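Participant: next come a sequence and a model predicted from it.
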Amino acid sequence: MVEKKPTVPEQIDVMVNSECNARCQMCIQEITWKIPTGEQDPFTSGVADYISEYHDLGGRKVIITGGEPTLRPSRVISTLEELSKYPDWDLIAMYTNGSRLLKESDGKTLAQKLKEGGLHYVNLSSHHYDSEKNNRIFGIDAGNPRIIGKHLSDIGMPLRLCATLQKGGLETTDDVLRYLDFAQECGAKDVYLRELFRVYNVDSNNEAIRGHLEYIDFNFVPLKPVIERLKESGAIQTGQRANFQGREKNELAFETKTSFPFYTSQLEIGREKAEELPYLVIMPNGNLYSTWIGEQFKVDSLKKFVEEGRK
């Protein structure tokens, strides 16, 4: 039986900004095409138009990202205000390094304001249970995930911890097992673990990009042997998917022997076909694109784009 293609991709990303206060050497957005943050009005207008179109087509999952989105709280809040016009979202999540979530203004933390604005979930990037190692990977003091997790729990905001396996960070099964325990101590509902991205078709002649590619190549830790040993330790596989909106992806779902859920992912970027709707993203300029690869993949009408993709 031929699998029926969805009417619209299962999620849309809203990239509120391109700047970040961290200096992660494995950051995929420093390797792929990136648009300057620019003015807020065109961004807000674009979010309104494309979110309306995405929702009308049946989309119900929105991921807020950056850069580091908390550097531009007004953009995040304006995005949440737009999303609040539609009450039936399955998920509104935000990726963040957490360094500004506890920042207070007007007697409230940023996390509280985002919760009140309608954010459903925080996906907190935390690459190691040891703060010193985690901060070294980020290149900044990213804060204490235990303290952040406690505050999120207090305000009723669910938390996921996200980590990228790499040398000098999580590189062994014992590291991962300890990280899973750490995540539960932080109050996380689950954990998302992935390999460093496999990257194709980028400008390796660019010195900055080449530096990131060399970091990935040197520090790559394969998931497969880690997964095998996790199974030996009692982890049970509960699910799998082999692609994500046309993008090659091997994602596995597990539970530890104490029933704590976690996910592993092997993901590549740079060889996807934009016409297969690999990844919808509203960029900081307010325009919609069907991939992160370049300006040529700008989408003017999502409805028309989806209809043409069915032909």
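Facilitator: Happy to help now that I have it.
Participant: going by C-alpha atoms from here, please, whenever you check contacts or count neighbours.
Facilitator: Noted.
Participant: what residue is smack in the middle of the protein?
Facilitator: In the chain, the residue lying closest to the centroid (Cα atoms, centre = their mean) is Tyr95, at 5.2 Å.
Participant: just give the closest residue to Asn97, not the sequence neighbours.
Facilitator: Ser125 (5.0 Å; Cα to Cα, 6 or more residues apart in numbering).
Participant: who does the one you found bridge with?
Facilitator: On the basis of DSSP bridges, Ser125 is bridged to Cys162.
Participant: so who does it touch?
Facilitator: Ser125 makes contact with Tyr95, Thr96, Asn97, Gly98, Leu161, Cys162, Ala163 under the criterion Cα atoms under 8 Å, 6 or more residues apart in numbering.
Participant: so where's the chain shaky on pLDDT?
Facilitator: Scanning the chain for pLDDT under 70 picks out the ranges 1-6, 200-202, 242-249, 269-278, 309-311.
Participant: show me where it has its helices.
Facilitator: Under the criterion DSSP state H, helices of the chain are mapped to 40-56, 73-83, 110-117, 131-138, 145-154, 173-185, 207-219, 223-232, 302-310.
Participant: would a markdown table of the ones you listed with mean neighbour count and distance to Phe260 be doable?
Facilitator: Shown next, in a markdown table, are the helices of the chain (neighbours: other Cα atoms under 10 Å; distance: least, Cα to Cα, whole Å):
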| stretch | mean neighbour count | distance to Phe260 |
| --- | --- | --- |
| helix 40-56 | 18 | 32 |
| helix 73-83 | 19 | 30 |
| helix 110-117 | 19 | 24 |
| helix 131-138 | 18 | 22 |
| helix 145-154 | 18 | 16 |
| helix 173-185 | 18 | 8 |
| helix 207-219 | 16 | 28 |
| helix 223-232 | 15 | 13 |
| helix 302-310 | 14 | 37 |
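Participant: between those, which one is closest to Cys24.
Facilitator: Nearest of those to Cys24, taken as Cα to Cα: helix 131-138 at 4.9 Å.
Participant: quick revisit: what is the most widely separated pair among the contacts of Ser125?
Facilitator: Farthest apart among those by Cα to Cα are Gly98 and Ala163. That separation is 13.1 Å.
Participant: contacts for stretch 101-120?
Facilitator: 70, 73, 76-77, 80-81, 84, 91-94, 100, 148, 152, 155, 157-158.
Participant: same check on stretch 187-201?
Facilitator: Here stretch 187-201 makes contact (Cα under 8 Å, 6+ apart) with 26, 28, 146, 149-150, 153, 158-166, 180, 183-184, 213, 216, 220-223, 260-271.
Participant: mind listing what's buried along it?
Facilitator: Gly187, Ala188, Asp190, Val191, Tyr192, Leu193, Arg194, Glu195, Leu196, Phe197, Val199 (16 or more other Cα atoms under 10 Å).
Participant: strands - which of those residues land there?
Facilitator: Asp190, Val191, Tyr192, Leu193, Arg194, Val199 (DSSP state E).
Participant: how about those in JSON lines, adding distance to Pro284?
Facilitator: Listed next are those as JSON lines, based on distance: Cα to Cα, whole Å:
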{"residue": "Asp190", "distance to Pro284": "29"}
{"residue": "Val191", "distance to Pro284": "28"}
{"residue": "Tyr192", "distance to Pro284": "26"}
{"residue": "Leu193", "distance to Pro284": "27"}
{"residue": "Arg194", "distance to Pro284": "26"}
{"residue": "Val199", "distance to Pro284": "23"}
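Participant: max pairwise distance over those: which two?
Facilitator: Largest separation among these by Cα to Cα: Asp190 and Val199, giving 26.6 Å.
Participant: which one is Ile293 nearest to, not counting chain neighbours?
Facilitator: Closest to Ile293 by Cα to Cα, 6+ apart is Trp33, at 5.5 Å.
Participant: isn't the one you found up against Phe297?
Facilitator: No. Contact criterion Cα atoms under 8 Å: Trp33 and Phe297 do not qualify, at 11.2 Å.
Participant: please tell me how far Ile28 sits from Lys304.
Facilitator: From Ile28 across to Lys304, the span is 29 Å (Cα to Cα, to the nearest Å).
Participant: an error on my part: the question was meant for Lys85.
Facilitator: Taking Cα to Cα, one finds Lys85 at 23 Å from Lys304.
Participant: for Phe260, same thing?
Facilitator: For Phe260 relative to Lys304 (Cα to Cα), the value is 42 Å.
Participant: ok, Asn250 next?
Facilitator: With Cα to Cα as the criterion, Asn250 and Lys304 are 30 Å apart.
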